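J.: Below is the structure, and that's it, no one-letter string:
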């Protein structure tokens with residue numbers, strides 16, 4: 001009786017590898033991934049990447065650009081509520097007006113100030129006890145020091161947790177294109193009620209300048225003849 005022969009059974013790994021190399025399979029996977037990413041973007045769970053120039057801050061302030069053809073000037077209004085004047089800077093470089101700075105969390109700032117005050121009070125109290133009491137306590141082996149509250153302590157952190165956290169803090173950045181050759185005397189800026197207004201001429205004269213400045217707290221309507229940038 002002659003032995004029977006059978007065809008070799010292909011392994012599962014080889015079958016999957018050949019299936020994965022099929023162009024139709026790879027195209028289907030790519031389309032499914034693109035569809036999923038699009039759905040996440042539409043749902044607000046994912047944001048598309050931006051050029052590095054527009055991603056220099058933790059958040060980007062909203063703005064209005066007023067470009068009336070009948071006006072000789074162009075106006076940009078930036079929404080910066082809660083940002084202190086000394087924390088706002090402007091810079092003109094490579095035909096772009098860049099607005100950057102930071103917004104400090106007032107609650108965290110107040111907490112840090114309170115912790116610093118407690119620490120200072122404890123230091124002063126320890127200094128008043130005198131070296132004699134410290135030596136006596138040390139001789140009895142009962143000297144213990146109580147460290148001041150630490151903002152990194154889990155107990156302190158838990159007390160600062162928030163049930164809703166929608167506001168953005170930290171550094172911000174926003175830029176807008178301006179005509180080449182803007183002079184420092186041709187650009188004005190002012191902030192009032194959390195709104196930063198920057199004005200520049202539609203048709204500038206002279207060469208381009210590179211400079212940076214801090215924002216004045218003078219209302220914009222009184223700054224019509226004041227330069228935004230200082231040499």
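T.: Looks like it arrived, so ask away. Treat the numbers as computed from the prediction; the structure is a model and nothing was measured. Numbers count the residues shown, from 1 in each chain.
J.: Helix or strand for the closest residue to residue 77 other than its chain neighbours, just tell me which one.
T.: With sequence-adjacent residues excluded and distances taken as Cβ to Cβ, 6 or more residues apart in numbering, residue 77 is closest to residue 64, at 4.6 Å. In short, each C-beta sits where N, CA and C put it, glycine included. Assigned by DSSP states H and E, residue 64 belongs to strand 63-66.
J.: swap in residue 39?
T.: Per DSSP H and E, residue 39 falls inside helix 23-42.
J.: ok, residue 80 touching residue 197?
T.: No - judged on Cβ atoms under 8 Å, residue 80 makes no contact with residue 197 at a distance of 10.6 Å.
J.: who's more crowded, the two?
T.: When residue 80 and residue 197 are compared for neighbours, residue 80 comes out ahead with 23 against 19, by other Cβ atoms under 10 Å.
J.: immediately after the helix or strand containing residue 191, which helix or strand?
T.: Here residue 191 sits within strand 188-192, counting by DSSP H and E. Using DSSP H and E, the helix or strand that directly follows strand 188-192 along the chain is strand 195-201.
J.: Packing partners of that next one?
T.: strand 73-79, strand 96-103, strand 188-192 (3 or more Cβ pairs under 8 Å, 6 or more residues apart in numbering; DSSP states H and E).
J.: Looking at these, spot the one closest to residue 24.
T.: Residue 24 lies closest to strand 96-103 among the helices and strands packed on strand 195-201, at 46.4 Å (Cβ to Cβ).
J.: mind listing what's buried in that closest one?
T.: Within strand 96-103, the residues that count as buried by 16 or more other Cβ atoms under 10 Å are 97-103.
J.: Let me see the mean pLDDT of the strand holding residue 191.
T.: What strand 188-192 shows for mean pLDDT is 91.
J.: for it, packing partners?
T.: Using 3+ Cβ pairs under 8 Å, 6+ apart: strand 188-192 touches strand 195-201.
J.: what lines up beside the strand it packs on in the sheet?
T.: Its sheet considered, strand 195-201 pairs with strand 73-79 (antiparallel), strand 188-192 (antiparallel) by DSSP bridges.
J.: what does the domain assignment say about the chain?
T.: Here the domain assignment for the chain is 12-42, 52-104+167-222, 106-159, based on automatic domain parsing.
J.: what's the least confident stretch among these?
T.: Lowest mean pLDDT of the domains of the chain: domain 106-159, a mean of 59.
J.: follow-up on the earlier one: please identify the deepest-packed of the strands paired with strand 195-201.
T.: Mean neighbours per residue, mean count of other Cβ atoms under 10 Å, is largest over the strands paired with strand 195-201 for strand 188-192, with a mean of 20.
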